[in-house]
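Visitor: Have a look; sequence and predicted model below, questions after that.
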Amino acid sequence: MKIKNLFIMASLAVPPFVAEAQNEAATQLYSRQDLGGSARFQSMAGAFGSLGGDYSSVRQNPAGIALMRSPAEISFTFSGGMNKDAASWMGNSSTTQSGLFNLDGFSYTNSSNRGSEVGFSFGFGVNRTGSFNREITQMGGNMPDKSYSVADYIAGIATLVDKNKPLAPDNLGKENAWDLGYTWFPILGYQSGLISPTDKDGGPYHTRFVYPVNGTLIPFGPQTATMKSYRERGNIHNMDFSFGFNMREHFFLGAAITYSSIKYSLSSKYNESFKEPDYLYMENQLTAEGGGLGVSLGMIVQPVQGFKFGLAYFSPTWYKMRDRYIGYTESHTPNLAPGGGYEVTDDKGKPVYFLKSETPEGITDYRFRSPGRWVAGASYIFGRSGLISFDYEYRQLGSNGLACPEGRYEEYADINAAVKEDFGAEHTYRVGLELKPSNRSAVRLGYLYRTNPIKNPALKTDYTKPAEMEIIVDRTLPHYTLFEGQQAFTGGLGYRLSPQFYMDVAVVYATQKSHTYAFPTLNVNKEIISSLPPINVDNSRLTASLTFGYKF
């Protein structure tokens, strides 16, 4: 009963215009990692845990900066490409495409005493490490035999909250209801005509999409459901300050301080249709911004010429986040009362079939802890002919955590426990190959495979059916997304135009599956309100990157 506990907590402690709850699945989203950085780094799938020699290698091991050879070096990386989302939902399918253009990275490094007993290096760089771009426009096809509506879900939430803090309809209907300390879902659902109470004093609540069958009003599920728009945008950027020590070309140490920033936005438009002309329509807008610090330590050992081994630890990043959000819902309902007549009438006694409501802008300040990670790598350099490199990376997504602005994790104990229960270890494998036909040119290939971090067997389900278990969502945004693992095929070329000036090109083809639910499954007093099956999305991203570098 995770959602039950969360909404009870929120209903008792929500100040005006602020919702305390968070989306459980968003902790996975905000921990996202994509290939970024220099073209050389991308073309070898980021397998730089033991290589170094490229500033972007600090993403895998900060000791990599100690292998920079030039006294000073500066580089810029640009990328462009195409993002494709192929969606399917209950037998229907659609495809959306969007263009991409980014400044993937910038770096400056300085090295001294290379080849001496002890050499020193330091550097500064900015890399794009995650992209949220995803877009769905999809109508559902063959609805399940007994389909529930998001109106049933909101009625279930109102019923659960009502058991602990009575939700009088008169209070839910007030203009200042948002100030009264209730969760926002019941307010929005009641004011927009989606839900009704059993009696004038409160719950249990039920959907207003009820129709007469043999003289009895029976709740009906939607005939169609449409995700008119589900649009995500934003990036994660890292700003690194790194330092390295080179000891006799055999032992390399490095450390980095990293400032990470998150910018994310989501816009959704969702529609359900019932018996003509009845429908419900819901819009949500969310933006999330924040920044946080992390540190990393690493070493690279070269026991014999050509062989290198690397090990690095990256601490969690502690973010300070701010979310802004607003929701809007409207409906046309049959407006039938169980006892006969109409439920809502105007001042003249005429039935009201159309209602709408919009929340004020809400703001939530909180802290988010992303998972730390370990990276181990090994590589071999074939003289002047080329090299091969392998990396393994471990992250524990179940260690993601939320806290209040003052840093108290116990206030989010329910959602943190749910994250730990539902998400687990993520393993990433990288391999990179570089061949050098001449002193000036290089040909590169790479492959990345990242495993599925979902741990709970009930979440690893048949994704053509409704969800088997509850997932915590929040505010007035009922949708949530589960992401599976990733893989990427990479390649590229490098060419030295002069002893100082070089250019690298990379091509990356990355794929990932995801599953977006219109609303969660909910257990209300032993009655299961089932979600609709998820919208299954196959995301593919083809990008080309170009790096210009100059060695002083």
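Guide: Done, it's in.
Visitor: show me the contacts for residue 97.
Guide: Contacts for residue 97 were tallied using CB atoms under 8 Å, 6 or more residues apart in numbering; they are 82, 83, 84, 85. Every residue, glycine included, has its C-beta placed from N, CA and C.
Visitor: Could you pick out the buried ones from those?
Guide: Buried by 16 or more other CB atoms under 10 Å: 83, 84, 85, out of the contacts of residue 97.
Visitor: beta partners of the first one?
Guide: By that I understand residue 83. Residues in a beta bridge with residue 83, per DSSP bridges, are residue 98, residue 541.
Visitor: how near is it to residue 288?
Guide: 20 Å (CB to CB, to the nearest Å).
Visitor: hang on, the earlier thing: out of the buried ones among the contacts of residue 97, the closest to residue 326 would be?
Guide: Lowest distance from residue 326 to the buried ones among the contacts of residue 97 (CB to CB) belongs to residue 85, with 24.6 Å.
Visitor: if we can go back for a sec, is it possible to get CSV of the contacts of residue 97 that adds pLDDT and distance to residue 525?
Guide: Listed next are the contacts of residue 97 as CSV, based on pLDDT from 0 to 100; distance: CB to CB, whole Å:
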residue, pLDDT, distance to residue 525
82, 93, 48
83, 92, 43
84, 94, 43
85, 95, 38
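Visitor: ok, those vs residue 251, which is closest?
Guide: For the contacts of residue 97, the nearest to residue 251 is residue 83 (42.3 Å; CB to CB).
Visitor: Let me see the contact set for that closest one.
Guide: Per CB under 8 Å, 6+ apart, neighbours of residue 83: 97, 98, 99, 100, 133, 134, 135, 539, 540, 541.
Visitor: What of residue 318?
Guide: Shown in contact with residue 318 (CB under 8 Å, 6+ apart): 292, 293, 294, 367, 368, 369.
Visitor: Bridging across strands, which residues link to it?
Guide: Beta-bridge partners, per DSSP bridges, of residue 318: residue 293, residue 369.
Visitor: per-residue confidence for it?
Guide: Residue 318 is assigned 94 on the pLDDT scale.
Visitor: Mind listing residues that contact the helix or strand harbouring residue 156?
Guide: Using DSSP states H and E, residue 156 sits in helix 150-162. With CB under 8 Å, 6+ apart as the test, helix 150-162 has contacts from 3-4, 7-8, 11, 167, 182-183, 185-186, 188-190, 194-195, 202-209, 219, 221, 270, 272, 280, 282, 331, 478, 518-520, 522, 524-525, 529, 531.
Visitor: go again using 6 Å as the cut-off
Guide: 4, 7, 11, 167, 183, 185-186, 189, 194-195, 202-207, 478, 519, 522, 524, 529 (CB atoms under 6 Å, 6 or more residues apart in numbering).
Visitor: Put the alpha carbons of that helix into PDB.
Guide: What follows is helix 150-162, C-alpha atoms only, in PDB (Å, rounded to 0.1, in the frame of the first residue of the first chain):
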ATOM      1  CA  VAL A 150      -7.900   8.000 -14.600                       C
ATOM      2  CA  ALA A 151     -11.100   9.200 -13.000                       C
ATOM      3  CA  ASP A 152     -11.300   5.900 -11.100                       C
ATOM      4  CA  TYR A 153      -7.700   6.300 -10.000                       C
ATOM      5  CA  ILE A 154      -8.300   9.800  -8.700                       C
ATOM      6  CA  ALA A 155     -11.500   8.600  -6.900                       C
ATOM      7  CA  GLY A 156      -9.400   5.900  -5.300                       C
ATOM      8  CA  ILE A 157      -6.900   8.400  -4.000                       C
ATOM      9  CA  ALA A 158      -9.600  10.600  -2.600                       C
ATOM     10  CA  THR A 159     -11.100   7.600  -0.900                       C
ATOM     11  CA  LEU A 160      -7.800   6.600   0.700                       C
ATOM     12  CA  VAL A 161      -7.200  10.100   2.000                       C
ATOM     13  CA  ASP A 162     -10.800  10.500   3.100                       C
END
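Visitor: what's the farthest-apart pair in the contacts of residue 83?
Guide: The widest separation within the contacts of residue 83 (CB to CB) is 14.8 Å, between 99 and 539.
Visitor: Tell me which of these two has more neighbours.
Guide: residue 539 (19 against 9; other CB atoms under 10 Å).
Visitor: what about the more buried one, is that helix, strand or coil?
Guide: Classification of residue 539 by DSSP: H, G, I helix; E, B strand; the rest coil places it in strand.
Visitor: close enough to count as contact, it and residue 86?
Guide: No: counting by CB atoms under 6 Å, residue 539 sits too far from residue 86 to count as a contact (7.8 Å).
Visitor: Overlap of the contact sets of those two?
Guide: If you check residue 539 and residue 86 against CB under 6 Å, 6+ apart, no residue is contacted by both.
Visitor: can you map out the helices along this structure?
Guide: 2-13, 26-29, 39-43, 150-162, 169-172, 184-191, 413-422 (DSSP state H).
Visitor: how about low-confidence regions in this protein?
Guide: 1-22, 114-115 (pLDDT under 70).
Visitor: most distant residue from the middle of it?
Guide: Distance from the C-alpha centroid of the chain peaks at residue 348, with 49.3 Å (CA atoms, centre = their mean).
Visitor: So what's the gap between stretch 536-547 and the chain middle?
Guide: Computed by CA atoms, centre = their mean, to the nearest Å, the chain-centroid distance of stretch 536-547 equals 16 Å.
Visitor: List the buried residues in that stretch.
Guide: For stretch 536-547, by 16+ other CB under 10 Å, it's 536, 537, 539, 541, 543, 544, 545, 546, 547.
Visitor: do stretch 197-214 as well
Guide: Neighbour-count burial for stretch 197-214 [16+ other CB under 10 Å]: 197, 202, 203, 204, 205, 206, 207, 208, 209, 210.
Visitor: Dump those residues to CSV, plus distance to residue 322.
Guide: Converted to CSV, the buried residues of stretch 197-214 look like this (distance: CB to CB, whole Å):
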residue, distance to residue 322
197, 35
202, 34
203, 33
204, 35
205, 32
206, 36
207, 34
208, 35
209, 36
210, 40
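Visitor: which pair in these spans the largest distance?
Guide: 202 and 209 (20.2 Å).
Visitor: surely residue 120 meets residue 112?
Guide: Yes: counting by CB under 6 Å, residue 120 touches residue 112, with 5.3 Å between them.
Visitor: more neighbours, these two?
Guide: Remark: of residue 120 and residue 112, residue 120 carries more neighbours, 16 against 13, as counted by other CB under 10 Å.
Visitor: ok, the more buried one - contacts?
Guide: residue 112.
Visitor: how close does it sit to residue 65?
Guide: 10 Å.
Visitor: Can you tell me how far the closest residue to residue 242 other than its chain neighbours is from residue 103?
Guide: Using CB to CB, 6 or more residues apart in numbering and skipping residues adjacent in sequence, the residue nearest residue 242 is residue 256, 3.9 Å away. Residue 256 sits 20 Å away from residue 103, taking CB to CB as the criterion.
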